[in-house]
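**Q** starting from these lines, generate the structure:
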Amino acid sequence: MFYKIAEKALALDAKGKKIVRLNVGDTNLPTPECAIEAAAKSMKEGKSGYVPTAGMPKLREAIAAREGCGVENVVVGPGSKHLLFGLLSVLCKKGGSVAFQSPHYPAYALACGQLGLGVKLAETTLEGKWQMGGVPAADALVICNPLNPTSTICESVNVAKAIGDAKARGIPVIADEAYRGIAFEDIPVPDAIRVRSFSKEFNMESWRLGYAVAPKEVAGKLVEFLQATSTCVAPFVQAAGIACLENEEELLEINREIWKMRIEAASKAMGAAGFRFAAPQAGMYVFASHEGIADAEKYAMKLLEKGVAVAPGKAFGNFKSFVRICANQPEDVLEDAIAKMGEAAK
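**A** Presented below is the predicted three-dimensional model:
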């Protein structure tokens, strides 16, 4: 239903019906000019051939400096989703299982299905502000922090305990940190394999650029996975990534301020419309329920008639009365769309 709603929203938009698309995690922000210029320069210089699978040396060096690790621990790939899939494929054997928080990013379960892996959910609650508790035994643990779809931050003591328990059982831990750069507060670096993305931090969704920081042995296996699948990330994309890291402080400061304003406007409007949710501590989402929503999938289809698209909570786990919105619009547009959400819930 998640993708059905997305496709219907696009179809309605193509027919001329204005749809405010709060259902997809798209920043709707321009890629930084420095990245565009670096990519254009790379292409004009004819840099279109193959480069090292693990990433161009200059980019890996910049990432290593950013993360305080060795260059040998850095692997560049075509987006964090592809890297997560690769890590699960090299860390787990078919028939095994993967544990992760719920609500959760839908791609985790989809990747597990493709790889023949079972899913074990660490259930969390709105009342508990979506904080992690006990983690079920599995062959790998994925921790998303900040958490998609709630934009809440896992408390460091809970993360440390989960990682400690997993390591005591010999379970590898992957930290999905796609939203770290647009969190509104500092997050301690976890003792885990880490995956980061340029998509949300630097508004580069369709450029497909991310990286993993992993022990040398795991990094080597991940490189072999990439050699068999994507070969390498285009040099002009990596050049854009280098430019972003060279201007990281300024770019992230601007983006965090934009997301803070958007999230504050969305939160205020959703509270006024009767929605319940945990206060987001990062961009880009609000995950909320309403007493008038019994079946979020039916609600979402009905809401399309009012010109607003949202993602039903069932896509993120057993949350049929919840919806996720992406606060990816100017404040006045968000306020108007959320008012329509409240009307539809009645």
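**Q** correct me if wrong: Ala39 contacts Ala239.
**A** Yes. Ala39 sits in contact with Ala239 when judged by C-beta atoms under 8 Å, with a separation of 5.6 Å. Where C-beta positions appear, they are placed from N, C-alpha and C, glycine not excepted.
**Q** please identify the residue most distant from the middle of this structure.
**A** Glu45 (32.8 Å; C-alpha atoms, centre = their mean).
**Q** this structure: strands as residue ranges?
**A** Assigned strands in the chain, in chain order: 20-21, 74-77, 97-102, 118-123, 140-144, 173-176, 193-197, 210-213, 275-277, 285-290, 308-309, 311-312, 322-326 (criterion: DSSP state E).
**Q** quick one: closest of these to Ala111.
**A** With C-beta to C-beta as the criterion, Ala111 lies closest to strand 97-102 of the strands of the chain, at 8.3 Å.
**Q** that closest one: partners in the sheet, and parallel or antiparallel?
**A** If you go by DSSP bridges, strand 97-102 pairs up with strand 118-123 (parallel), strand 140-144 (parallel).
**Q** please export the C-alpha coordinates of that strand as PDB.
**A** Only the C-alpha atoms of strand 97-102 are listed here, as PDB (Å, rounded to 0.1, in the frame of the first residue of the first chain):
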ATOM      1  CA  SER A  97      17.500 -13.600  10.800                       C
ATOM      2  CA  VAL A  98      18.000  -9.900  11.400                       C
ATOM      3  CA  ALA A  99      16.700  -7.900  14.400                       C
ATOM      4  CA  PHE A 100      15.800  -4.200  14.200                       C
ATOM      5  CA  GLN A 101      13.500  -1.700  15.900                       C
ATOM      6  CA  SER A 102       9.900  -1.300  15.000                       C
END
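**Q** Provide a list of residues in contact with Val142.
**A** 84, 98-100, 108, 173-176 (C-beta atoms under 8 Å, 6 or more residues apart in numbering).
**Q** again, only this time at 10 Å
**A** Contacts for Val142 (C-beta atoms under 10 Å, 6 or more residues apart in numbering) come out as 84, 87-88, 98-101, 104-105, 108, 111-112, 122, 172-176, 192-193, 195.
**Q** can you map out the helices along the stretch 51-200 of the chain?
**A** Assigned by DSSP state H, counting those that start in this stretch, the helices in the stretch 51-200 of the chain fall at 57-67, 80-91, 106-115, 156-168.
**Q** now do the second one against helix 106-115, angle only.
**A** With axes from the mean of the first three to the mean of the last three C-alpha atoms, to 10 degrees as the criterion, the two stretches helix 80-91 and helix 106-115 enclose an angle of 40 degrees.
**Q** packing partners for helix 80-91?
**A** With contacts taken as 3 or more C-beta pairs under 10 Å, 6 or more residues apart in numbering; DSSP states H and E, helix 80-91 sits against strand 74-77, helix 106-115, strand 140-144, strand 173-176, strand 193-197, strand 210-213, helix 216-228.
**Q** just the last one next, same as before
**A** Helix 156-168 sits against strand 97-102, strand 140-144, strand 173-176, with contacts defined as 3+ C-beta pairs under 10 Å, 6+ apart.
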